[in-house]
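1. okay, structure incoming, though there's no sequence with it:
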């Protein structure tokens, strides 16, 4: 099955700086890579996703890049704000219903 | 926020109790999922139902028993649980096998 590794496990950044979270996956057939944000006590919410036919996708301050050759994808958050503080999960799937999640990154934005 | 709902939000039960978790989705999706979220661990997929048929059972102990009476409702029946089963249980739904999964708020389960 698919195995997803996520780094770092914790990330502290100064407000206004950028944050980068990296994930690697094992199955080269995986073709869909969503990112979820989970605030304390709340449900995971999709913030951005990318499919394997695209190398980069951007939505305002959030971007995701995918390197299929190296089997890794990354989340980039620019101009971080306190409300970006949360746990972020990457995931990968072969579109067979099974999403394999990374262990999560706890992001803290210091004011 | 109301697309996928779960009840109860919190549950405390003894090891000999029987209880059920309920999930309902109002998104017209065809697939529903149960996940277990424990501290410091990745989300673990437990069960997947597509058009009311179970398509995935991820080596989950038999003390967890899912039920999907229709495409909008999903239950997780619990009996003789262990303290290590204490976790946040999340329900999700998607349009199909390739669709984005949308999560419910979860049920925080504590087994004494």
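-> Thanks, I have the structure now. Owing to the predicted nature of the structure, the values given are computational and were not obtained by experimental measurement.

2. so where's the chain uncertain?
-> Looking at chain A here, since you left the chain open. Applying pLDDT under 70 to chain A flags no residue at all.

3. ah, no, chain B please
-> Judged by pLDDT under 70, the stretches of chain B that qualify are B:1.

4. redo that, cut-off 90
-> Scanning chain B with the threshold set as pLDDT under 90 gives B:1-2, B:15-17, B:39-42, B:50-59, B:96-99.

5. who in it is up against chain A?
-> Applying C-beta under 8 Å from any C-beta of the partner chain, we find that chain B lies next to chain A at B:4, B:31, B:33, B:40-43, B:45, B:48, B:50, B:55-56, B:90, B:94, B:97-98, B:100-106. Glycine gets a C-beta too; all of them are placed from N, C-alpha and C.

6. what about the spatially most central residue of chain B, distance to chain A?
-> Chain B has residue B:34 as the residue nearest its centroid, 3.1 Å off, counting by C-alpha atoms, centre = their mean. Distance, residue B:34 to chain A, by C-beta to the nearest C-beta, to the nearest Å: 12 Å.

7. for the chain, which segments are assigned as strands?
-> If you meant another chain, say so; for now it's chain A. If you assign secondary structure with DSSP state E, the strands in chain A sit at A:4-7, A:10-14, A:19-25, A:32-38, A:45-51, A:56-59, A:62-67, A:72-77, A:86-93, A:99-101, A:105-110.

8. hm, I was asking about chain B
-> Using DSSP E, strands in chain B cover B:4-7, B:10-13, B:18-25, B:31-37, B:44-50, B:53-57, B:64-70, B:73-79, B:87-94, B:102-103, B:107-111.

9. residue A:104: which of the ones you listed is closest?
-> strand B:31-37 (9.5 Å; C-beta to C-beta).

10. which ones are touching residue 67?
-> The chain I'm using is chain A. The contact partners of residue A:67, taken as C-beta atoms under 8 Å, 6 or more residues apart in numbering or on different chains, are A:55, A:73.

11. hm, I was asking about chain B
-> B:74, B:75, B:76, B:77.

12. one more: residue B:69?
-> B:52, B:75.

13. do residue B:10 as well
-> Residue B:10 makes contacts with B:107, B:108, B:110, as judged by C-beta under 8 Å, 6+ apart.
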